[in-house]
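Asker: the following comprises the amino acid sequence and a computationally predicted model.
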Amino acid sequence: MNDKEIRAQSSTTTNGRTATHHSAVTTTAQISAAANGKVTRNGRTTRSVKRAHWTNHIYVRRGVIYVYGRVNNKTHRYTTGKADTEENIEWAKANWESFLNAMIRKQAAKKAERRKQAREAQRQTAKEAIANQSSNALTANGFNGDIMPAIAQYGAYSLKAEAYSRKDNTNIKYGYVFRRRIVPSLGDLRLDEIKPSHIKKWQSDLTDSGLSVPYIRQCRLMLSLIIKEAIADELIDRNPLSMVKPPKGQSKERKPFTAGEISRLLRESYDNWFRDFFILSLFTGLRTGEAFALEWEYIDFNNKTIGVRRTISGGFLGAPKTPSSVRDVEMLPIVERALRRQYIRTGHLSSFVFVNKCNRMFKDWSYIRKTLWKPLLEQCNLEYRVLYTTRHTFASLMLSESEEPMWVSAMLGHKNMSITLSVYAKYLPRRYVKRAGFLDGAEWDIGAQGKAKESEVDDRKGANRAGLDRLPSAEFGVI
């Protein structure tokens, strides 16, 4: 059989049309070489993996073993760097899947790091641009010492000038508060016109609109930053906010889940990723943003630790809330089981532990709140509570079961234990403990002497009542 006959046999007719199927081996020489585990390319004979090995997601190219696979409708191919030997072939056949998943996560991490470096470069460029501005930057923006700027005008400049020093989500929040809560009421006032009476009316209007006291305090903070910046620029010399007390109000009482409610929630929840997310949040004390930002790179099953390195806030991935929030959390057995189940689901899809339907990180969990969290609470006949309640539940549950407060504080990422106790001290168990036992000693037993003295006092009172005229008035302090 010659080469033409082989090619003719590889052609088939379908609906009157001829289609040619090109096989991996198309010549007589190549068929003979393939039988011996070799293939001829460009006149050179090289050793190759047999056809059966291709079904095991491995192949050899130029003497090096490659692995390949299709994940999320995308084909991935990576070199193992190992030479084409029988021992390495067996290794590739046994470990191709884990190696492929590891390489996919590594590439995803590299892309995330490149994006992070690009953002940092942009911030640094903005910082240098602002630092290089001349001393008459205010004049360049349309106002100077002769023309006093209004709150709206100077506030916009101040926010832009300090944007590089804040997180992206913080800049978004500040911009929203400034445009929606400050400009409508105070924006037209010049910096030197604003008085304490304006601040009082502004706070009163915010309260009447139904805003919470903590939110109004945030609005005050935003306005205070602008005014302090104006004082630093020597546009004004006093802060009218310092003359007005912030609004008072009781903070909402935290209502953590009880042990019975936790059991009910876990029993009624479906066996899916959200159930394992709920378990992780309940028994680690992570903030919701920290839990959604977890990456497999920092999940250490060997040492039973979970590394908290980033958080998601306002749709942005960034550093955790405080420096102390960057921590390694102990992986309890129930959490380890949940993470191992989740690893089967997403370990080969993304570098993030929890991902959305597009296998990307969650930027917002309002959809989860509406479709998963709220229906679960209704199914269990429980009062609605935010997802963040899992963090309060962890602290209250562990402290009520006599776990060490120092350990709980470290798990929560608090700077010191005093912060933890200031919020959760009421959950510490109160057991009866006899105090001041040393007073029970014989030398401290004054019961008999006390009774004797009481009888003497009673006798004296009786004597006074019997004949007050006969007793000296000096005893009663009468002058």
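Answerer: Sure thing, it's come through. Everything numeric in this text was worked out from a predicted model, so none of it was measured.

Asker: show the contacting residues for the closest residue to residue 68 other than its chain neighbours.
Answerer: Nearest residue to residue 68, sequence neighbours excluded (C-beta to C-beta, 6 or more residues apart in numbering): residue 77, at 4.1 Å. To be clear about C-beta, it is placed using only N, CA and C from the backbone, and glycine gets the same treatment. Counting by C-beta atoms under 8 Å, 6 or more residues apart in numbering, residue 77 touches 66-68.

Asker: any idea how far residue 77 lies from residue 58?
Answerer: 11 Å (C-beta to C-beta, to the nearest Å).

Asker: who touches both of those two?
Answerer: Between them, residue 77 and residue 58 have 66-68 as joint contacts when contacts are counted by C-beta under 8 Å, 6+ apart.

Asker: circling back to that earlier point, out of the contacts of residue 77, which is most surrounded?
Answerer: Counting neighbours by other C-beta atoms under 10 Å, residue 67 leads the contacts of residue 77 with 22 neighbours.

Asker: can you pull the phi/psi pair for the nearest residue to that one once chain neighbours are set aside?
Answerer: In space, residue 67 comes closest to residue 96 once its chain neighbours are excluded; the distance is 4.3 Å by C-beta to C-beta, 6+ apart. Note on residue 96: its backbone torsions stand at phi -60, psi -40 [degrees, to the nearest 10].

Asker: any regions of the stretch 201-350 of the chain where pLDDT drops low?
Answerer: Counting by pLDDT under 70, the stretch 201-350 of the chain shows low-confidence ranges at 249-252.

Asker: all helices for it, in order.
Answerer: Listed in chain order, the helices of the stretch 201-350 of the chain (DSSP state H, counting those that start in this stretch) span 213-232, 259-268, 273-282, 288-292, 333-346.

Asker: what helix or strand is the nearest residue to residue 348 once chain neighbours are set aside on?
Answerer: Using C-beta to C-beta, 6+ apart and skipping the chain neighbours, the partner closest in space to residue 348 is residue 101 (4.0 Å). When secondary structure is defined by DSSP states H and E, residue 101 falls within helix 86-131.

Asker: quickly note the distance from the residue lying closest to residue 364 once chain neighbours are set aside to residue 326.
Answerer: Sequence neighbours aside, residue 315 is the residue nearest to residue 364 in space, at 5.9 Å (criterion: C-beta to C-beta, 6+ apart). Distance, residue 315 to residue 326, by C-beta to C-beta: 21 Å.

Asker: quick one, which of those two is more surrounded?
Answerer: In this comparison of residue 315 against residue 326, neighbours counted by other C-beta under 10 Å, the higher total goes to residue 326 at 16 against 12.

Asker: which residues does the more buried one contact?
Answerer: By C-beta under 8 Å, 6+ apart, the residues touching residue 326 are 308-309, 319-320, 413.

Asker: could I get those as CSV with distance to residue 150?
Answerer: Written out in CSV, the entries for the contacts of residue 326 read as follows (distance: C-beta to C-beta, whole Å):
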residue, distance to residue 150
308, 43
309, 43
319, 35
320, 37
413, 41
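
Asker: closest to residue 166 among those?
Answerer: Nearest to residue 166 among the contacts of residue 326 is residue 319, at 11.6 Å by C-beta to C-beta.

Asker: show me the shaky parts of the stretch 1-150 of the chain.
Answerer: Residue ranges of the stretch 1-150 of the chain with pLDDT under 70: 1-56, 123, 126-146.

Asker: ok, residues contacting stretch 280-288?
Answerer: Counting by C-beta under 8 Å, 6+ apart, the neighbours of stretch 280-288 from elsewhere in the structure are 257, 262, 291, 294, 306, 308, 311, 320-321, 325, 329, 331-332, 334-335, 338-339, 365, 387-388, 390-391, 393-395, 398, 408, 411-413.

Asker: restricted to buried residues, select the residues you listed in ChimeraX.
Answerer: One line in ChimeraX is enough to select the buried members of the contacts of stretch 280-288, burial here meaning 16 or more other C-beta atoms under 10 Å:
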select :257,262,291,294,306,308,311,320,325,329,331,332,335,338,339,365,387,390,391,393,394,395,398,408,411,412,413
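
Asker: can I get the longest strand belonging to the chain as CSV, trimmed to CA atoms?
Answerer: The strand spanning the most residues in the chain, taking DSSP state E as the definition, is strand 74-83. In CSV, the C-alpha atoms belonging to strand 74-83 read as follows (Å, rounded to 0.1, in the frame of the first residue of the first chain):
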residue,chain,number,x,y,z
LYS,A,74,-11.1,26.7,26.9
THR,A,75,-8.2,24.4,26.0
HIS,A,76,-5.1,24.8,28.2
ARG,A,77,-1.7,23.4,27.3
TYR,A,78,1.4,23.5,29.5
THR,A,79,4.9,22.0,29.3
THR,A,80,6.0,19.9,32.2
GLY,A,81,9.7,20.6,31.5
LYS,A,82,10.3,16.8,31.8
ALA,A,83,12.2,14.8,29.2
